[in-house]
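J.: Sequence first, predicted model second:
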Amino acid sequence: MGLLRDFFNQCRKPQGFLGKIMLSGMSIVHASVADWAMSLLDIPEPKEIVDIGCGNGRDIRELAKKYANSCVTGIDYSALSVQKSQKTNKALIAAGRCSIEECDVYNLQLPTNKFDLATAFETIYFWPELVHCFSQVRNILKPNGKFMIVLESDGQDKLTQWFQARIDGMNTYQIDELKQALKEAGFSSVQANQHHKRPWFMLLASK
C-alpha cells in the first residue's frame, strides 16, 4: 500500500523512477479532457501562450498545433517534468516556437503583461493559496488576456475524492469555488463549460 501511495503522490511533483512512469501515463489518462477543453477554446489566435504545470509536454504540443502561429512557454516546478516536456517538444523548441523552464506558480518568474493565454490542465489541485496563485497568473497576462483551467473533476465525483484521500496536498474544487477565487484574484469575468456526461469542466477567465 505504501508503494501505491508513493506512486499516486507522483501526480503532485513527479520525480525519480516512479515519476517517469507517471509522466509516461499522463498522455493516456488526461488526453481526452484536454482535447475536449481545447475544442471549446474559441478565441482570436494568441501570439504568446503559457502552459502552467506542463507535465510531459503533450498539451504544449497540441496548443501549438491548434494555434500554428503562436509561441508556447511551458513551466513546471518538477525538474523531471521539464526534462520530459523538452523532449516531447524538441522540434518546436528547435523551431523557436517553444521554451520550457522550471518555475513555481506560487512565485511566477515570468514577465508581466506578456501572455495572451495561460492554461492549466489538471494541475490546480496542488496549487497552494489559490487566490494568490491566480493573481500571479493574472499578472503575466496582457490586458484582456485569458486563463483557461481544465479539470476532470467537479469536486463531487467519488473517484477523485478517493484519489484526494491518498495524494498528499491534493484539493478538489467545485465550479463556484473557483469562480469566486478567480474574481478575488482580480479577473473580470469567468465563463464555465461542463461536460454533459462526465464531471469534466473548463473555466475561461478574462483579465
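T.: Good, I have the coordinates.

J.: How is the nearest residue to residue 43 once chain neighbours are set aside assigned, secondary-structure-wise?
T.: The shortest distance from residue 43 to any non-neighbouring residue, by Cβ to Cβ, 6 or more residues apart in numbering, is to residue 146 (5.9 Å). C-beta here means a position set from N, CA and C on the backbone, and glycine is covered the same way. Here residue 146 is strand, with the state taken from DSSP: H, G, I helix; E, B strand; the rest coil.

J.: Would you mind listing where this structure has pLDDT under the threshold?
T.: 1-29, 155, 158-169 (pLDDT under 70).

J.: need the strands for it, in chain order.
T.: 48-52, 71-76, 98-102, 115-121, 141-151, 189-194, 201-206 (DSSP state E).

J.: measure the most centrally placed residue in the chain to residue 68 for me?
T.: Geometric centre of the chain, nearest residue: residue 120, 2.0 Å, by Cα atoms, centre = their mean. As judged by Cβ to Cβ, to the nearest Å, residue 120 and residue 68 stand 22 Å apart.

J.: With residue 92 instead?
T.: Going from residue 92 to residue 68 by Cβ to Cβ gives 11 Å.

J.: same deal with residue 187?
T.: 28 Å.

J.: before we move on, the earlier item: for residue 92 and residue 68, work out which one has more neighbours and name it.
T.: Legend: neighbour count by other Cβ atoms under 10 Å for residue 92 and residue 68, higher for residue 92 (22 against 8).

J.: List the contacts of that one.
T.: 60-61, 64, 72, 98 (Cβ atoms under 8 Å, 6 or more residues apart in numbering).

J.: a markdown table for the residues you listed, including neighbour count and distance to residue 51?
T.: Formatted as a markdown table, the contacts of residue 92 follow (neighbours: other Cβ atoms under 10 Å; distance: Cβ to Cβ, whole Å):
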| residue | neighbour count | distance to residue 51 |
| --- | --- | --- |
| 60 | 29 | 5 |
| 61 | 20 | 10 |
| 64 | 21 | 10 |
| 72 | 28 | 6 |
| 98 | 26 | 10 |
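
J.: Noted, bye for now.
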